[in-house]
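In: A structural model of the following input is requested.
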Amino acid sequence: MIRIIKSFIIAFSMYSKIPMPRVEWKDEDMKFVFCFFPFVGAVIGALIFGWNCLCLRFELPEICRILITAAIPMIVTGGIHVDGFMDVCDALCSYKDKEEKLKILKDPHIGAFSVIMLALYGLLFVSALSFITDLKAVIVLALSFVLSRTLSSLAAVNLKKAKEGTLNTFSKSSAKVVVNVFVIMEMLVVFAGLFLVDPVACLVQFLCAALSFTFYYFKTKKEFGGVTGDTAGYFVLITEIICLIGLAVCSVFKIWG
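Out: Alright, predicted model coming up:
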């Protein structure tokens, strides 16, 4: 039980800015970290749902609702996944070989392409959010933040690593069978929730998640020879925006509830 609690604390310490007690990061205490990574998404989803309920209740300005909704994930995570996204964008836009791309991932400096891609990402994200105007859609949006992290956890534990690093350390320390079973159960709970909200929305989110995972698997294999901590952050953001765009399309064409 102590190790499970420590894994929970380490997961939130690593992947969020939520204050946690200080614990020593021993290998045996990191066995179940990826089991609790999706819980960070649950916190983000709960805050987004609460914020949107507040906005609808008090009829707050739409621009305020949208921008703060977009800001909540970064506030909770401290931008850790955004950092990975920007590093990967710099590497991909360099068009160099695998070894050079991996070196770029280690570079603490940011390049022009990462800034451009982040700005583009933000514009697309905010634009898609403008179509999320009812609580049913907000619930689907909230669940997508859990879904992205279940997929990221499975990828981190099971896919080939491109290099040594934090992700590789966490993966080696993981109790893989337990993590896989637990995370798959979390994913099934997410899809059950989506199905209860709306079967069509559930199907669309499943297809978006499958598309994102497939893209991530082949892209990282081709460009980097495997996954890293930076590509994991990139994957979280890519999954979230693909799922959001899928939800926005559903809302625009009214192909769900």
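
In: can we go C-alpha only for contacts and neighbour counts from here?
Out: Noted.

In: pass me the low-pLDDT residue ranges in the stretch 101-250 of the chain, would you?
Out: Within the stretch 101-250 of the chain, no range satisfies pLDDT under 70.

In: any chance you could map the strands in it?
Out: Counting by DSSP state E, counting those that start in this stretch, the stretch 101-250 of the chain has no strands at all.

In: now do the helices in it.
Out: Listed in chain order, the helices of the stretch 101-250 of the chain (DSSP state H, counting those that start in this stretch) span 112-129, 135-158, 166-173, 176-197, 199-223, 229-253.

In: dump the ones you listed into a markdown table; add distance to residue 14 and mean neighbour count as well.
Out: Output for these, formatted as a markdown table (distance: least, CA to CA, whole Å; neighbours: other CA atoms under 10 Å):
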| stretch | distance to residue 14 | mean neighbour count |
| --- | --- | --- |
| helix 112-129 | 22 | 16 |
| helix 135-158 | 13 | 23 |
| helix 166-173 | 10 | 17 |
| helix 176-197 | 17 | 17 |
| helix 199-223 | 22 | 18 |
| helix 229-253 | 11 | 22 |
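
In: as JSON lines, those with distance to residue 82 would be great.
Out: Formatted as JSON lines, those follow (distance: least, CA to CA, whole Å):
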{"stretch": "helix 112-129", "distance to residue 82": "8"}
{"stretch": "helix 135-158", "distance to residue 82": "14"}
{"stretch": "helix 166-173", "distance to residue 82": "16"}
{"stretch": "helix 176-197", "distance to residue 82": "23"}
{"stretch": "helix 199-223", "distance to residue 82": "16"}
{"stretch": "helix 229-253", "distance to residue 82": "7"}
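
In: tell me which of those helices sits nearest to residue 21.
Out: Nearest to residue 21 among these is helix 166-173 (19.2 Å), distances taken as CA to CA.

In: what's the closest of the helices of the stretch 101-250 of the chain to residue 46?
Out: Of all the helices of the stretch 101-250 of the chain, it is helix 135-158 that lies closest to residue 46, at 6.7 Å by CA to CA.

In: show me what that closest one is packed up against.
Out: Applying 3 or more CA pairs under 8 Å, 6 or more residues apart in numbering; DSSP states H and E, we find helix 135-158 packed against helix 33-58, helix 166-173, helix 176-197, helix 199-223, helix 229-253.

In: output the contacting helices and strands for the next helix or strand after the first one.
Out: In the C-terminal direction, the helix or strand that comes right after helix 33-58 (DSSP states H and E) is helix 62-77. Packing contacts for helix 62-77, counted by 3+ CA pairs under 8 Å, 6+ apart, involve helix 33-58, helix 112-129.

In: nearest residue to residue 162 in space, please, no chain neighbours.
Out: residue 226 (4.1 Å; CA to CA, 6 or more residues apart in numbering).

In: same question for residue 227.
Out: That would be residue 161: by CA to CA, 6+ apart, it lies 4.7 Å from residue 227.

In: for residue 156, same thing?
Out: In this structure, residue 156 finds its nearest non-sequential neighbour in residue 171, 6.4 Å apart by CA to CA, 6+ apart.

In: how close does the one you found sit to residue 253?
Out: Applying CA to CA, to the nearest Å, the value for residue 171 to residue 253 is 41 Å.

In: repeat that for residue 244.
Out: Using CA to CA, residue 244 is found at 14 Å from residue 253.
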